[in-house]
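Undergrad: here is my input; please provide its structure:
(chains A, B, C and D)
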2 protein chains.
Amino acid sequence: MTVTIKDIARAANVSTATVSYVLNDTRAVSPELATRVRQAVAELGYAPNAIARSLRQARTRTIGLVIEDNANPFFAEIARGVEDEAFGRGYSVLLCNSNASPEREQRYLDLLLAKRVDGLVFFSTTGTVERLQPFVVQGIPVVAFYRDVGELPIDSIKVDNERIGYTATQHLIELGHRHIACIRPASVSGASARRADGYVRAIAEANLDQVPGLMVRGDNLVSGGQRATRELLASGRSFTAIFAGNDGMAIGALGALHDAGLRVPVDVSVVGVDDILLASYTQPPLTTVAQPKQDAGCLAVGFLIDRIGGSDQPPRSVVLDTHLVVRESTAAAKTDGDTA
Amino acid sequence: MTVTIKDIARAANVSTATVSYVLNDTRAVSPELATRVRQAVAELGYAPNAIARSLRQARTRTIGLVIEDNANPFFAEIARGVEDEAFGRGYSVLLCNSNASPEREQRYLDLLLAKRVDGLVFFSTTGTVERLQPFVVQGIPVVAFYRDVGELPIDSIKVDNERIGYTATQHLIELGHRHIACIRPASVSGASARRADGYVRAIAEANLDQVPGLMVRGDNLVSGGQRATRELLASGRSFTAIFAGNDGMAIGALGALHDAGLRVPVDVSVVGVDDILLASYTQPPLTTVAQPKQDAGCLAVGFLIDRIGGSDQPPRSVVLDTHLVVRESTAAAKTDGDTA
DNA sequence: CTGTTAGCGCTTTCAA
DNA sequence: TTGAAAGCGCTAACAG
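TA: Here you go, the predicted model:
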């Protein structure tokens, strides 16, 4: 049915070994034979079987990418970086959405192990990285994002979430805001919760009142930011600024504020985190704490391929640069008191 | 090094065949042996090698997804649908961004062919589908999106782009707009260009003036919509509404209009196409012509798996439902004349 | 109910 | 410079 290396060998009247050597340019072959082989390949429309190749070489030139949801702009941009770098280096990527479900995440990990990926870029949804043990055992390189890898000898890429929260809140404080709300992610697990810690520290350092009711939970999505903001508004507590744990929730906040007849930034300032592509196009353009996303994806793949290539240095842990991007959703607090 | 089925067989004191049968539940095995096998599997931490399996079975349980750019929300949502459905049916997906480059697209097609995917979901960037021939020859099912597949016996999923353009424009006309601009995609290739045709037809049927200068080119991105709108504004031509060929460009238009001090929809109405997730959260929420995206992805995978399963019915061509979603970016034209 | 074994398509050692 | 052949890990006849 499908044409194999044997067919080519027969047609070109050479051994299968020679065909392989010609195709992969892995041993000197006389021009005549090479020509005959290439001709046969063209005539028969031969397409090499990467599966057989992988079995033999014990290497698939495929990496796994486990994220929460590729439709989330944040992950989408990271995925883009991963795919791009992988492609450039001759690897393809298996897209795995864990959908924030530990079971689904586990099923994907098992799958990737079975499919013998050469490496793994991993965003944990459980918060733990223990399930990576089998990869370590098999010697499959892993780069873990945003997680403490503990004893596990794997590379990791992180951001300083506490610092992010602090930076964002500090920015608002410098603008003169004294009543700052915080929409924090619902998940209690490490990573994003620490953004709220940074918020708390900034508030404390500025000797502002810690108003418990001003810290509400979102769910990382636009709708969650919207809901949380309505809650805040309904609570009757006054505030002139909102720090949202990510851009999605910040965009939701923008919408809810607008619906409530409040102007951003005149009445309320809003700052987000991530700097997703859309942040510059919201109304008004969103002030946010940017973190590299596509670059982070590239970096991860670079790490992976280093190790696939045999690099045996000790585990690296990179902390990504983050910086405040001031756009138009934040402004000086009005001096005549709170509006909301 | 890595533990294979042989190791399990030895440890459980059975044949490799029995191990295989137990693991795949593909032949009755006595409880005792089955238990011994499972125990050995657990003890040795055996992970089946899907590569070997694929080679033997000539089936990879992997499908290829070729799109332009997974960071584009439109494609992201489709990819989500594809991944989700595939996962649910036991398939994994190789993510391939053609990056709108014909060369890159071709390289990915070759790769997918070599990696022996069981099926392919394909968004062509070249506009042609001829390069799918090898898949057809190999009997690998393909679902082509938004393209005329000509003689090729493959399934296709489309939308009526002319109708989309007509619907959007008609909506504006019904609101009393008489001077309607159109931001059309830069690509001349079939698909999206037809949206402009629908615009032209609606204008013609309403006996409105066809003003050449009111049709400008964007590039499908937010920045393109922004640029195009500025152009429109700078041209000095009057218009009270904009039909943008997709939501990205519509969002760009929203931004540019705001920057110019124009209010949407009071001064200018804007309508987009696609209904990406963010469309409901723009300021104001965007009126748009929706097309199913995640569902389209599911559908495509369904088609694929039908054929992988051996279904041999004639090629199907589905036209997706599209419908106008009226939000707040469109309103009745002011009767006192044009603003812009 | 169980085992033996051929062979999927390729790469690569070994020998010529 | 070339070829023969082993074997990657698994499945599925086939035989018992």
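Undergrad: the stretch 101-250 of chain A: strands as residue ranges?
TA: A:119-123, A:142-145, A:155-158, A:180-184, A:215-217, A:241-244 (DSSP state E, counting those that start in this stretch).
Undergrad: elements contacting the helix or strand bottoming out on mean pLDDT in chain A?
TA: Sorting the helices and strands of chain A by mean pLDDT, DSSP states H and E puts helix A:190-205 at the bottom, at a mean of 89. Counting by 3 or more CB pairs under 8 Å, 6 or more residues apart in numbering or on different chains; DSSP states H and E, the packing neighbours recorded for helix A:190-205 are helix A:161-174, strand A:180-184. In short, each C-beta sits where N, CA and C put it, glycine included.
Undergrad: please identify the deepest-packed of these.
TA: Stretch with highest mean neighbour count among the helices and strands packed on helix A:190-205: strand A:180-184 (a mean of 28; mean count of other CB atoms under 10 Å in any protein chain shown).
Undergrad: strand partners of that one, parallel vs antiparallel please.
TA: Paired strands of strand A:180-184, with direction, are strand A:215-217 (parallel), strand A:241-244 (parallel) (DSSP bridges).
Undergrad: need the CA coordinates for that strand. CSV is fine.
TA: The C-alpha trace of strand A:180-184 is given here as CSV (Å, rounded to 0.1, in the frame of the first residue of the first chain):
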residue,chain,number,x,y,z
ILE,A,180,-7.6,50.2,46.6
ALA,A,181,-9.6,47.1,45.9
CYS,A,182,-8.0,43.8,44.9
ILE,A,183,-9.5,41.1,42.7
ARG,A,184,-7.6,38.0,43.4
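Undergrad: and the contacts of it?
TA: For strand A:180-184, contacts defined as CB atoms under 8 Å, 6 or more residues apart in numbering or on different chains pick out A:169, A:172-173, A:192-193, A:195-196, A:199, A:203, A:208, A:214-218, A:224-225, A:228-229, A:232, A:237, A:239-245, A:249-250, A:253.
Undergrad: repeat that for 7 Å
TA: A:169, A:172, A:193, A:195-196, A:199, A:203, A:214-218, A:225, A:228, A:232, A:239, A:241-245, A:249, A:253 (CB atoms under 7 Å, 6 or more residues apart in numbering or on different chains).
Undergrad: related to what we said a few turns ago, out of the strands of the stretch 101-250 of chain A, which one sits most buried?
TA: By mean count of other CB under 10 Å, these have strand A:241-244 as the most buried, with a mean of 32.
Undergrad: contacts for that strand, please.
TA: Outside strand A:241-244, the residues touching it (CB under 7 Å, 6+ apart) are A:168-169, A:172, A:177, A:180-183, A:199, A:218, A:225, A:229, A:250, A:253, A:268-272.
Undergrad: buried residues, the least confident helix or strand of chain A. List them.
TA: Buried residues in helix A:190-205, counted by 16 or more other CB atoms under 10 Å in any protein chain shown: A:191, A:192, A:193, A:194, A:195, A:196, A:198, A:199, A:200, A:201, A:202, A:203.
Undergrad: from those, which single one is nearest chain B?
TA: residue A:192 (20.3 Å; CB to the nearest CB).
Undergrad: compute the distance between residue A:63 and residue A:79, please.
TA: Distance of residue A:63 to residue A:79, computed by CB to CB, to the nearest Å: 12 Å.
Undergrad: which residue ranges of chain A form helices?
TA: Remark: helices assigned in chain A by DSSP state H are A:5-12, A:16-24, A:31-44, A:50-57, A:73-88, A:102-114, A:133-138, A:161-174, A:190-205, A:222-234, A:247-259, A:294-308.
Undergrad: and those: which comes nearest residue B:8?
TA: Ranking the helices of chain A by distance to residue B:8, with CB to CB as the measure, places helix A:102-114 first at 14.6 Å.
Undergrad: helix B:73-88 and the closest one, what's the angle between them?
TA: 80 degrees (axes from the mean of the first three to the mean of the last three CA atoms, to 10 degrees).
Undergrad: anything in helix A:102-114 near chain B?
TA: Yes. Using CB under 7 Å from any CB of the partner chain, helix A:102-114 comes into contact with chain B via A:111, A:113, A:114.
Undergrad: tell me what that helix is packed against?
TA: Secondary-structure packing of helix A:102-114 (3 or more CB pairs under 7 Å, 6 or more residues apart in numbering or on different chains; DSSP states H and E): strand A:62-67.
Undergrad: and the strand it packs on with helix A:73-88, angle?
TA: Counting by the same axes, to 10 degrees, strand A:62-67 points 170 degrees away from the direction of helix A:73-88.
Undergrad: residues contacting the residue nearest to residue A:287 when sequence neighbours are not counted?
TA: Closest residue in space to residue A:287, ignoring its immediate chain neighbours: residue A:330 at 4.2 Å, by CB to CB, 6 or more residues apart in numbering or on different chains. Counting by CB under 7 Å, 6+ apart, residue A:330 makes contact with A:171, A:172, A:175, A:265, A:269, A:270, A:271, A:287.
Undergrad: how far away is residue A:330 from residue A:72?
TA: Counting by CB to CB, the gap from residue A:330 to residue A:72 is 24 Å.
Undergrad: with residue A:10 instead?
TA: Taking CB to CB, one finds residue A:10 at 52 Å from residue A:72.
Undergrad: neighbour count winner among the two?
TA: Using other CB atoms under 10 Å in any protein chain shown as the criterion, residue A:10 and residue A:72 rank with residue A:72 on top: 22 against 14.
Undergrad: ok, now which ones touch the closest residue to the more buried one other than its chain neighbours?
TA: What sits nearest to residue A:72 in space, not counting adjacent residues and going by CB to CB, 6+ apart, is residue A:248, at 7.3 Å. Taking CB under 7 Å, 6+ apart as the contact definition, residue A:248 lies against A:220, A:221, A:222, A:225.
Undergrad: repeat for residue A:252
TA: With CB under 7 Å, 6+ apart, residue A:252 has these contacts: A:222, A:223, A:224, A:225, A:226, A:229, B:281.
Undergrad: ok, now residue A:320?
TA: Contacts of residue A:320 by CB under 7 Å, 6+ apart are A:157, A:158, A:159, A:291, A:292, A:296.
Undergrad: among those, which pair sits farthest apart?
TA: A:158 and A:292 (12.1 Å).
Undergrad: could you report the distance from residue A:283 to residue B:258?
TA: Taking CB to CB as the criterion, residue A:283 is separated from residue B:258 by 6 Å.
Undergrad: so for those two, which sits in the more crowded spot?
TA: residue A:283 (21 against 15).
Undergrad: for the residue nearest to that one when sequence neighbours are not counted, give me the pLDDT.
TA: Sequence neighbours aside, residue B:283 is the residue nearest to residue A:283 in space, at 3.3 Å (criterion: CB to CB, 6+ apart). Looking at residue B:283, its pLDDT stands at 87.
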